[in-house]
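> Provide a 3D model corresponding to the input given below.
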Amino acid sequence: MSSPEAGPVGSTAQAPADPTRKWWTLIAVCTAIFMLLLDITVVNVALPDIQRSLHSSFSDLQWVVDAYSLTLAAFLLTAGVFGDMFGRRRIFAAGLIIFCVSSLVCGLADSSLMLNLARAVQGVGGAIMFATSLALIAAAFSGKARGTAFGIYGAVVGGAVAVGPLVGGALTSGISWRWIFFVNVPIGVLAVIITLLRVHESKAPSTRRIDWIGLSSFSGALVMLVVALVRGPDDGWGSTLIAGLLIGAAALLGIFLLAEWRQRDPMLDLTLFKRPAVVGVSLAGFTLSGSIFAMFLYLTLYIQDDLGYGPLAAGVRFLPITVLSFVVAFFAGRLTVRIHARFLLGTGLLLITGGCLLMATTHASSGWTVLLPGFVIGGIGIGIVNPALASSAISVVPPQKSGMASGINSTFRQVGIATGIAGLGTVFQTQILARTTNALNGSPLGQAVASHGGAALQGALVGGNVHAAITALPSQAARAVLLQAYRVGFSATLDRLMVIAAVIAFIGAVGSFILVRQRDFVPSFAPPTGATQPGSPPGGVGNAGVAPARVSE
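From the prediction side, this is the model:
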């Protein structure tokens, strides 16, 4: 029997007698989510140090991000069902423990393989925390207090994203990259203790089941696709392995869609996509992550690897885009009840398109300030899109489906990051080799360096280990020629990636303007009913807001 404090319709939880218990719930959830999102953003600035410490290849660096994003995307919807079935507090605590243990293993990793496997396990823990966090808050709060709690939650999400690069740079520069993972352990232990002692349990009264066919086929398709994209440049796109992976990914995706269409209780309700607005919002989430957020990896490599800044200095230089996205989101969130979502989503993605194009102007002698106009415009665009995306995701479906819709949008964002990084990485590896080689061939000494380096130099360029190759050259003049050629090649390659990212964001903008129709929005409703079933938070890196209590479109 539900109490007024139970939150979601049909929840079997009883309201806690202790009036302070709900605030302990908020503290536990916000602590966990802050740690989780901080860990996502701090990794970017630590990647060059990880590469040097573990002797990683460029593909290894891609997997540091992609391994996490893949498992987070694959388990997000299913984790919400686990919470409904076995109790959200219990599952949330389990996610915290998984995340903390895997963080410890990440920090202790002595090889790229060990680190990436631990990152994949981190993604599972992250998916569990994401999927149950808003459900716990909604079960603990009601009325005006619920709006306050969601506001605090949104501020914590945005704050973690804003300070992430700076914290990551400080830890990496001051101690070691390993501490971006070690710091999770004491914070996580504290959050687990609070959760077990002070958070009230809740679960759904109706019987739910795990969609094992959907989970296995969806995750298998994602893994095959990303592996193919990452290994394609090295193994050859026509190789048996890559062709087999792509065919396998397509086959598993077909199995997934067929299974979801026929399931009685699917993890992904395909009928939701009959509404064009659902397609448009999902496209917006995918293109946001596949454009500017996927580019963060390559921007980090440019600032540190090419321009030579340390992790802390790089984190400081990322502040314009992260802080602006946080500040603008605060004001944009208030506009979601006054301006149609299609205009906010479309305009924000157009600004991101412009920001990417402004950053596609680097050259060999550029300083970091060449990125500043793009950081400013892109940061404003991110700040506009994030709260509109969070509110629209649950406003274009009936209330009882809003939790699944939020989870779908979060999944599209994580898939966007994973495939964006892998796809852009394919272009990066091809372009950096061709453009650096062309620059070397522009002078006799450069031709001699290219001839002397041969296949080893090509491997260093594609694998991101060019500085080791530079150090190994016998003369200062040869080292200077190779370094200059690498800077020419890197800046030209970054410009090409930025143009591609701009095209991706532009597709999202056009899709938002066309597909996110106002007549598809559900007239004003209070989201508590479905927002927690399966209960997914605002998706992915950079989300700075949660749905407002009332959405009028």
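
> what's the local residue count around the residue lying closest to Gly174 once chain neighbours are set aside?
Closest residue to Gly174 apart from its sequence neighbours, by Cβ to Cβ, 6 or more residues apart in numbering: Leu312 at 7.4 Å. In short, each C-beta sits where N, CA and C put it, glycine included. Residues lying near Leu312 (other Cβ atoms under 10 Å) number 19.

> now the one 5 residues further on
The burial count assigned to Arg317 is 24, neighbours taken as other Cβ under 10 Å.

> for Ser443, see how far away it is.
As judged by Cβ to Cβ, to the nearest Å, Arg317 and Ser443 stand 32 Å apart.

> quick check: what element follows whichever strand or helix holds Asn116 along the chain?
Using DSSP states H and E, Asn116 maps to helix 112-140. The C-terminal neighbour of helix 112-140 among helices and strands, as given by DSSP H and E, is helix 143-174.

> alpha carbons of the helix or strand just after that next one, as CSV, please.
Per DSSP H and E, the first helix or strand lying C-terminal to helix 143-174 is helix 179-182. Extracted C-alpha coordinates of helix 179-182, given in CSV (Å, rounded to 0.1, in the frame of the first residue of the first chain):
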residue,chain,number,x,y,z
TRP,A,179,44.3,8.8,-8.2
ILE,A,180,41.5,9.8,-10.5
PHE,A,181,40.3,6.2,-9.8
PHE,A,182,41.6,5.7,-6.2
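
> quick one: low-confidence ranges for this protein?
1-19, 147, 151, 203-208, 399-403, 454-455, 462-464, 523-553 (pLDDT under 70).

> mind running it again at 50?
Residue ranges of the chain with pLDDT under 50: 1-17, 524-553.

> dump the residue contacts of Leu258.
Taking Cβ atoms under 8 Å, 6 or more residues apart in numbering, we find Leu258 in contact with no residue.

> which of the helices or strands spans it?
Leu258 belongs to helix 240-262, assigned by DSSP H and E.

> list the buried residues of the helix or strand just after that helix.
Moving toward the C-terminus from helix 240-262, the next helix or strand (DSSP H and E) is helix 276-288. Neighbour-count burial for helix 276-288 flags 276-288 (criterion: 16 or more other Cβ atoms under 10 Å).

> between the next helix or strand after helix 276-288 and helix 143-174, how many degrees?
Counting by DSSP H and E, the element after helix 276-288 in chain order, helix or strand, is helix 294-301. Relative orientation of helix 294-301 versus helix 143-174 (axes from the mean of the first three to the mean of the last three Cα atoms, to 10 degrees): 30 degrees.

> between helix 276-288 and helix 294-301, find me the angle.
Using the same axes, to 10 degrees: helix 294-301 against helix 276-288 is 10 degrees.

> what sits against the nearest residue to Thr300 once chain neighbours are set aside?
Closest residue to Thr300 apart from its sequence neighbours, by Cβ to Cβ, 6+ apart: Asn44 at 4.7 Å. By Cβ under 8 Å, 6+ apart, the residues touching Asn44 are 65, 164-165, 168, 296-297, 300.

> top of the residues you listed by number of neighbours, please.
That'd be Gly168 among the contacts of Asn44, by other Cβ under 10 Å, with 30 neighbours.

> what about it, distance to Ile210?
35 Å.

> and if you look at His340?
38 Å.

> next, give phi and psi for the most far-flung residue of the chain relative to its centre.
No residue in the chain sits farther from the centre than Pro444, which is 44.6 Å out by Cα atoms, centre = their mean. Dihedral pair for Pro444: phi -60, psi -40, per degrees, to the nearest 10.

> which element, helix or strand, includes the nearest residue to Ala120 once chain neighbours are set aside?
Distances taken as Cβ to Cβ, 6+ apart put Ala67 closest to Ala120, at 4.2 Å, once the chain neighbours are dropped. For Ala67, the host element (DSSP H and E) is helix 58-86.

> ok, back up a step: among His340 and Ile210, which residue is more densely surrounded?
Using other Cβ under 10 Å, the more surrounded residue of His340 and Ile210 is His340, with 17 against 13.

> thought the more buried one was touching Asp520?
No. His340 is not in contact with Asp520 according to Cβ atoms under 8 Å; the separation is 11.4 Å.

> and the gap between the residue farthest from the centre of the chain and Ala460?
For Pro444, the distance to Ala460 - Cβ to Cβ - is 21 Å.

> repeat for Gly407
42 Å.

> which one's more surrounded, the two?
Gly407 (29 against 22).

> that one against Gly80, yeah?
Yes. Here Gly407 reaches Gly80: they are 6.0 Å apart, a contact under Cβ under 8 Å.

> coming back round to it: now distance to Ser395 too, for the buried residues of helix 276-288, in TSV please.
Listed next are those as TSV, based on distance: Cβ to Cβ, whole Å:
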residue	distance to Ser395
Pro276	14
Ala277	9
Val278	10
Val279	15
Gly280	12
Val281	9
Ser282	13
Leu283	16
Ala284	13
Gly285	14
Phe286	18
Thr287	19
Leu288	17
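
> which of the residues in the helix holding Ala67 are buried?
58-85.

> pull out the buried residues from the helix holding Asn116.
Buried residues in helix 112-140 (16+ other Cβ under 10 Å): 112, 115-140.

> cool, stretch 162-174 as well?
By 16+ other Cβ under 10 Å, the buried positions in stretch 162-174 come out as 162-173.

> let me have the residues you listed in CSV, extended by distance to Thr148.
Formatted as CSV, the buried residues of stretch 162-174 follow (distance: Cβ to Cβ, whole Å):
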residue, distance to Thr148
Ala162, 21
Val163, 22
Gly164, 25
Pro165, 29
Leu166, 28
Val167, 26
Gly168, 30
Gly169, 33
Ala170, 31
Leu171, 32
Thr172, 35
Ser173, 37
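
> closest to Asn386 out of those?
The closest of these to Asn386 turns out to be Ala162 (Cβ to Cβ; 11.8 Å).

> so what's the residue nearest to that closest one when sequence neighbours are not counted up against?
Leaving out its chain neighbours, the residue that sits closest to Ala162 by Cβ to Cβ, 6+ apart is Phe326, at 4.1 Å. Contacts for Phe326 (Cβ under 8 Å, 6+ apart) come out as 158-159, 161-162, 383, 544.

> just the buried members of the residues you listed?
The buried subset of the contacts of Phe326 - by 16+ other Cβ under 10 Å - is 158-159, 161-162, 383, 544.

> and the residues you listed, which is closest to Ile377?
Distances from Ile377 to the buried ones among the contacts of Phe326, taken by Cβ to Cβ, are shortest for Gly383, at 11.0 Å.

> tell me what the helix or strand hosting the closest one is packed against?
Per DSSP H and E, Gly383 falls inside helix 372-395. Where contact means 3 or more Cβ pairs under 8 Å, 6 or more residues apart in numbering; DSSP states H and E, helix 372-395 is packed against helix 143-174, helix 276-288, helix 319-335, helix 341-359, helix 402-440.
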